[in-house]
Every structure is written in C-alpha cells, then in structure tokens.
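1. my questions are about this predicted structure, shown below with the sequence.
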Amino acid sequence: MGEKTWALSLFFIFACLSNVYGNVHSYDHQLRKLQAFTAEIASRDSISPFPSPSPTRFSPSPSSPSVITVTPSPKVYHVTSYGADPTGKLDSTQAILQAISDALEGPSNGFLMQGISNLGGAQINLEGGNYLISQPLQFPIVSRGNLMIHGGTLKASDDFPRDGYLLDLSTSSSNGPEFLFEFITLRDLLLDANFRGGGIQVINSLRTSIDNCYITHFTTNGIIAKGGHETYIRNSFLGQHITAGGDKGERNFSGTAINLAGNDNSVTDVVIFSAEIGVIVSGQANLLSGIHCYNKATGFGGTGIYLKLPGLTQTRIVDSYLDYTGIVAEDPVQLTISNTFFLGDGFVKLKSINGVVNGVNIVDNMFSGSNKGIDIVQLDQSNGPFKTIEQVVVDRNNVKGMNLKGTIGSGVVEGNGTSWTMDFNPILVFPNLIKHVQYTFFPSGNVFVNHALRNISNNKVIVESNVQVPARVLVTVDQGK
Ligand SMILES: *[C@@H]1O[C@H](CO)[C@@H](O)[C@H](O)[C@H]1NC(C)=O
Ligand SMILES: *[C@@H]1O[C@H](CO)[C@@H](O)[C@H](O)[C@H]1NC(C)=O
Ligand SMILES: *[C@@H]1O[C@H](CO)[C@@H](O)[C@H](O)[C@H]1NC(C)=O
C-alpha cells in the first residue's frame, strides 16, 4: 500500500471516528492533525502548516485512536517565527541567525564524529520565502551535525561584505576543532550573492551535502569547500549571470562557480552556466561527474575545469559536458578524463609546471569542433617542457571537425625502395617521444629481405631494408609505455 493510499485510509478512519463522536470541533482538530501527519509522511521536507516560535514537534494527542503510532518529527525551526521577512524587503539576517543558533543549541542525540553533537536531523525551514541578508550567515556554534537548511531564497543586500558568503560553515575562532561540522545539508535553496561575494563556504567540515541549489550573482566563488572532506554537491545550477548561453556580456564573466580546495569531494550532475572558471580543484581525490560547463568560452579566456594541483592530481572527470570550454591540468599525476563530450572546439590542455605528467588517461571522449584545426589535447610548455612522461594514455577518443591527437598511433607506408618513413607528429601529443614501436614488414612478391628499425627520433619511424623491394610497412607507436 502506497503512502498516499495509507494516508487516505487513515482519513476515513478519522472521518468515521469523528462521526461517532459527533463533535465538529474535534473533527477539525483531528483533520488538522491528520494533515500535519500526512504532510510528514508524504515529504522528507515536512512543511508543517503551523509555524510556531518554538520548534514544531508533532506528537499524538491523548485522544488519538490507539491504532495509530506516530513517531515524533524532527525539530523544525521556521524562520518567519523568528521575525524573518519572507518578502525580501526587510533585513532578515538576525532572525535567521537566531534560528540557526537555536537549531545548533537544540537537543542532541549523542555524537557523530567525536565531539560533534548529533542534532537528530533538525531543520531550518525557509518556508519558501525570499530573505534579504546583510551579513554572512556564519554558524555561530561549531561541533554540530545532522542539520538541514532548506526551502527558500537568500539574497545579499547592497552592503553585503564583498568577501562574505551567504551561508558560511566556518568559524572566526583561530583554534577551532579539527572538524567544525558534520552532515550539514543545504538543499532546495536559491542563493543570490547580488554581485557582492559568494554563495556557500564550507571549511574543515565533514560530509556536507549541497543539493538542488541555484547559486547566482557571485563575484568570488559560488561554492568553496576548503579543508575537511566529503562535501557533496549534487543536482545544482551555478552561474554568475543568469543566461542560457550566447550572452553578450560573456567576455566579462568573472568568478569561479565551484572551488574545491580540499580532498574527497564530489560534484555530480551540476550545470555551470556562467563564471570565468567553472570548477577549480586544488585538493586530491575529487570526483567530477555529469558536469555541464558553459561558463565562459575558451576563446574569451574562460576555463571549464581547472586542475591546479601539480604533482599529485588524483582527479576523475567523467560523463561530463564541456561546452565551448575545456579542461586545464597542471603537471597532472593520476588523472582520468573519460566519457566526456567536448563541444565547440573545447580541448584538454596539459600545462607544464615542473615538467611532470604521470598516470593520465584521457580516453573514450567525444570532441566536436568547427574545422579550425584545433587539437583535442594540447601542451602548454611555456614554463618549460614536459620531461617526465610516464603511463600516459590518450586514445580511443573520437573527433568531428577537430584534430585527433593521442599517445598511440598507427599507420601504413608503402613504397618500392630501401627506406620507409612514417611521420607521427600529426597524431602524437608529445614531441620527440616514442617509447615503443612495433612494425610489420610486408614485401610484395616472393622475396625475403633483411630489414630493421633505424630511427625513431622526432616522432618519425624509419625502417630500412638491405635491398630495394616493393613493400608495405605497418607501424604502431606508443608514447605511454
Ligand atoms: C565588459 O566590461 C568592459 C569593461 O568593464 C565594459 O566596457 C563593457 O561594456 C562590458 N561589456 C558588456 C557586454 O557588459
Ligand atoms: C621497384 O623498383 C625497381 C628499381 O627501380 C624496379 O626494377 C621494379 O620493377 C620496381 N617494382 C615495382 C613493383 O614497381
Ligand atoms: C635519427 O635521425 C635524426 C634526424 O632526424 C638524426 O639526427 C640522428 O642522428 C638519427 N639517429 C640515428 C641513430 O641514425
């Protein structure tokens, strides 16, 4: 039996009981309780129809029929009960801070990580309102976990501090605990930074969940996660300017949508529709999956995903969509880019810092361009050439209107003579690097000749025979092994 059907049956039980009692007032009362209860079971968001200044708790009244067992709901703090103005006209900073403070001071249920009180799933409900905020909503108390803020809009005021974040999981104290918060959920929120700062800051926290948020008008970062681990950003939309692409002001887009300055975070199913940089990563072991970046075209100086962790990258970018923008990786060491679609001449750039590239797979991607001769993988060696190149595989990508590049190349050269040369420069990513060659010498006619590999420098493979002979030479080279 589905929840709704079940709720409907309960409704009839109530209806019958109230008929028996013949008390209209009691019926209304029961109906309201029932509505509250069905709202509770129908939705995790449990929007109570009765805002109250104290946390709403639903408990069965003594007159409830004994067949129904109701578990108490989580604590819900309604911000309007604290005087927040849902019309967005009056400053709601203090009211919402008070609700946050009360929630953080609320009863706890043991601990999560050592020292982090479990708030049991308390909720700060924005009640679908639009609130004007003049100071960062910095959590005033640390060492708390299992709390959700959800369901409304926060907008920075015209005097909001330019280095502030609307929602700020950090502490001003210089000697905070190792982890400030654990399992804080921010969901179903629209954050409008009003070109005065950023959306969400998460510092030294564990298991933070940012889900179904729309973050706009940031000038610094839409979201920054620094230290801690496991900030999970899901199903969200970020853009400095509200646009659907082809924006006239695109050249002027600035700011970064998501800044991951910590380890073990994940960004999944996220659209970044404007910003100078879509995602910048400077911590290890982050996963980016299902990201659609059309933030600022490469041609205008934008970058979709910037991996700024030279020497130890440990990043996976999969199943994503780089739309007129690309990926830059500084000295990548352990990087996978796969099953990603690059549109509009988007490409991957490996940028040398100390000349190291090690353990890189750029495989099974699709690239589409406009026949401008753009290579799908490019090197930026302006700081010096790549010198250590190990375990790099760029292969099995497909292209339309762009130049295919890879670390593996193969081809056939045919001729009547004593020397066969195949130039792999048009295909190979790295200059003057062939680590492995395999060739097949296939003379025509009934002849046996001596032949040998003579030279592989400058990505040119030369095979020679001792006598003149018409032959086909099939060659495969690899830069990665
Ligand atoms: C971009 O910024 C420049 C310099 O601030 C300004 O002159 C120009 O009008 C802006 N362009 C658009 C389309 O907003
Ligand atoms: C290959 O070149 C030699 C010498 O020029 C010539 O004698 C021979 O007929 C050629 N073979 C073929 C198949 O063209
Ligand atoms: C291979 O060819 C290069 C020119 O491309 C030349 O400088 C080098 O000496 C050759 N090496 C050998 C072993 O012949």
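-> Looks like it arrived, so ask away. Ligands and ions are numbered 1, 2, ... in the order given.

2. what parts of this structure come near ligand 1?
-> With the criterion set to Cβ under 6 Å from any ligand atom, the chain comes near ligand 1 through 248-249, 252. Heads up, the C-betas are built off the backbone N, CA and C, glycines and all.

3. quickly note the distance from N432 to ligand 3.
-> Between N432 and ligand 3 the distance is 9 Å, computed by Cβ to the nearest ligand atom, to the nearest Å.

4. residues in contact with that residue?
-> 457-459 (Cβ atoms under 8 Å, 6 or more residues apart in numbering).

5. over to I427?
-> Counting by Cβ under 8 Å, 6+ apart, I427 touches 404-406, 409.

6. at 6 Å instead, please
-> Neighbouring residues of I427 by Cβ atoms under 6 Å, 6 or more residues apart in numbering: 406, 409.

7. wait, which of the residues of the chain next to ligand 1 is closest to ligand 3?
-> Ranked by distance to ligand 3 (Cβ to the nearest ligand atom), these are led by N252 at 47.8 Å.

8. burial count for the closest one?
-> 13 (other Cβ atoms under 10 Å).

9. how close does it sit to ligand 2?
-> 64 Å.

10. look up phi and psi at that residue.
-> phi -90, psi 0 (degrees, to the nearest 10).

11. re the thing from before, out of the contacts of N432, which are buried?
-> Among these, the ones that count as buried by 16 or more other Cβ atoms under 10 Å are N459.

12. distance to ligand 3 added to the residues of the chain next to ligand 1, as CSV?
-> Converted to CSV, these look like this (distance: Cβ to the nearest ligand atom, whole Å):
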residue, distance to ligand 3
K248, 50
G249, 50
N252, 48
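
13. would you list those in JSON lines and tack on pLDDT?
-> Below are the residues of the chain next to ligand 1 laid out as JSON lines (pLDDT from 0 to 100):
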{"residue": "K248", "pLDDT": "94"}
{"residue": "G249", "pLDDT": "94"}
{"residue": "N252", "pLDDT": "95"}
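
14. ok, those vs S370, which is closest?
-> K248 (20.7 Å; Cβ to Cβ).

15. what's the burial count for the closest one?
-> There are 7 residues near K248, going by other Cβ under 10 Å.

16. over to V463?
-> By other Cβ under 10 Å, neighbour count at V463 equals 22.

17. for it, report the pLDDT, please.
-> V463 carries a pLDDT value of 98.

18. thought W420 was touching it, still the case?
-> Yes: in this structure, V463 is within contact of W420 by Cβ atoms under 6 Å, at 4.7 Å.

19. find residues that contact each of those two.
-> V473.

20. okay, now the unreliable bits of the stretch 51-200 of the chain?
-> 51-74 (pLDDT under 70).

21. where do the helices of it begin and end?
-> 93-105 (DSSP state H, counting those that start in this stretch).

22. from the contacts of N432, which ones fall inside strands?
-> Nothing among the contacts of N432 maps onto strands, per DSSP state E.

23. count the neighbours of K308 for me.
-> K308 has 18 nearby residues by other Cβ under 10 Å.

24. for S108, same thing?
-> Burial measure for S108: 18 neighbouring residues, criterion other Cβ under 10 Å.

25. and it, what does it touch?
-> So S108 contacts 117-119 (Cβ under 6 Å, 6+ apart).

26. could you rerun that using 10 Å?
-> Residues in contact with S108, defined by Cβ atoms under 10 Å, 6 or more residues apart in numbering, are 116-120, 122, 143-146.

27. which one among these gets closest to G326?
-> Nearest to G326 out of the contacts of S108 is G145 (Cβ to Cβ; 38.1 Å).

28. partner residues bridging the closest one?
-> Listed beta-bridge partners, G145: N118, E182 (assigned using DSSP bridges).

29. can you tell me which residues contact I362?
-> By Cβ under 10 Å, 6+ apart, the contact set of I362 is 317, 327, 329, 332, 335-338, 340, 348, 350, 376-377, 392-397, 405-407, 429.

30. next one: F300 from G249, what distance?
-> 10 Å (Cβ to Cβ, to the nearest Å).

31. do Q314 as well
-> 36 Å.

32. with neighbour numbers in mind, choose between the two.
-> Just comparing Q314 and G249: by other Cβ under 10 Å the higher neighbour count belongs to Q314, 19 against 10.

33. which ones are touching the more buried one?
-> Contacts of Q314 by Cβ under 10 Å, 6+ apart are 263-264, 281, 283-286, 307, 332-336, 359.

34. skip the chain neighbours and tell me the closest residue to it.
-> Once flanking residues are discounted, Q314 sits nearest to Q284: 4.1 Å by Cβ to Cβ, 6 or more residues apart in numbering.

35. before we move on, back to that, sort out for me which of the contacts of Q314 are in strands.
-> Those of the contacts of Q314 lying in strands (DSSP E): 263, 281, 286, 307, 333-336, 359.

36. give me the neighbour count for the residue of the stretch 351-481 of the chain found nearest ligand 3.
-> Residue of the stretch 351-481 of the chain nearest ligand 3, by Cβ to the nearest ligand atom: N455 (3.6 Å). For N455, the neighbour count with other Cβ under 10 Å is 12.

37. do I277 as well
-> 25.

38. ok, N446 next?
-> When neighbours are defined as other Cβ under 10 Å, N446 has 5 of them.

39. looks to me like it is in a strand.
-> No: per DSSP: H, G, I helix; E, B strand; the rest coil, N446 lies outside any strand segment and is coil.

40. 338 is where my numbering starts, stick with that
-> Sure, I'll start numbering at 338, so the last one becomes N783.

41. okay, it and A666: tell me how far apart.
-> 53 Å.

42. got it, and A530?
-> A530 is 28 Å from A666, by Cβ to Cβ.

43. could you do A421 as well?
-> Computed as Cβ to Cβ, the A421 to A666 distance reads 44 Å.

44. might you name the residue of the stretch 438-587 of the chain sitting closest to ligand 1?
-> G586 (3.8 Å).

45. isn't that residue up against T580?
-> Yes: applying Cβ atoms under 10 Å as the test, G586 and T580 come out as touching, 8.1 Å apart.

46. what residues are shared contacts of these two?
-> With Cβ under 10 Å, 6+ apart as the test, G586 and T580 both reach S611.

47. residue boundaries of the strands in the stretch 488-637 of the chain?
-> Taking DSSP state E, counting those that start in this stretch as the test, the strands found in the stretch 488-637 of the chain are 501-506, 518-529, 534-540, 543-553, 558-576, 593-600, 603-611, 614-618, 623-630.

48. partner strands of the last one, parallel or antiparallel?
-> Neighbouring strands of strand 623-630 in its sheet, by DSSP bridges, are strand 603-611 (parallel), strand 652-655 (parallel), strand 658-660 (parallel).

49. now swap in the fourth one and tell me
-> Paired with strand 543-553 in the same sheet, following DSSP bridges, are strand 518-529 (parallel), strand 558-576 (parallel).

50. ditto for the shortest one
-> Within its sheet, strand 614-618 is paired with strand 593-600 (parallel), strand 640-644 (parallel), according to DSSP bridges.

51. could those go into JSON lines alongside distance to F555, mean pLDDT and mean neighbour count?
-> Compiled in JSON lines, those are given as follows (distance: least, Cβ to Cβ, whole Å; pLDDT from 0 to 100; neighbours: other Cβ atoms under 10 Å):
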{"stretch": "strand 593-600", "distance to F555": "8", "mean pLDDT": "98", "mean neighbour count": "25"}
{"stretch": "strand 640-644", "distance to F555": "16", "mean pLDDT": "98", "mean neighbour count": "27"}
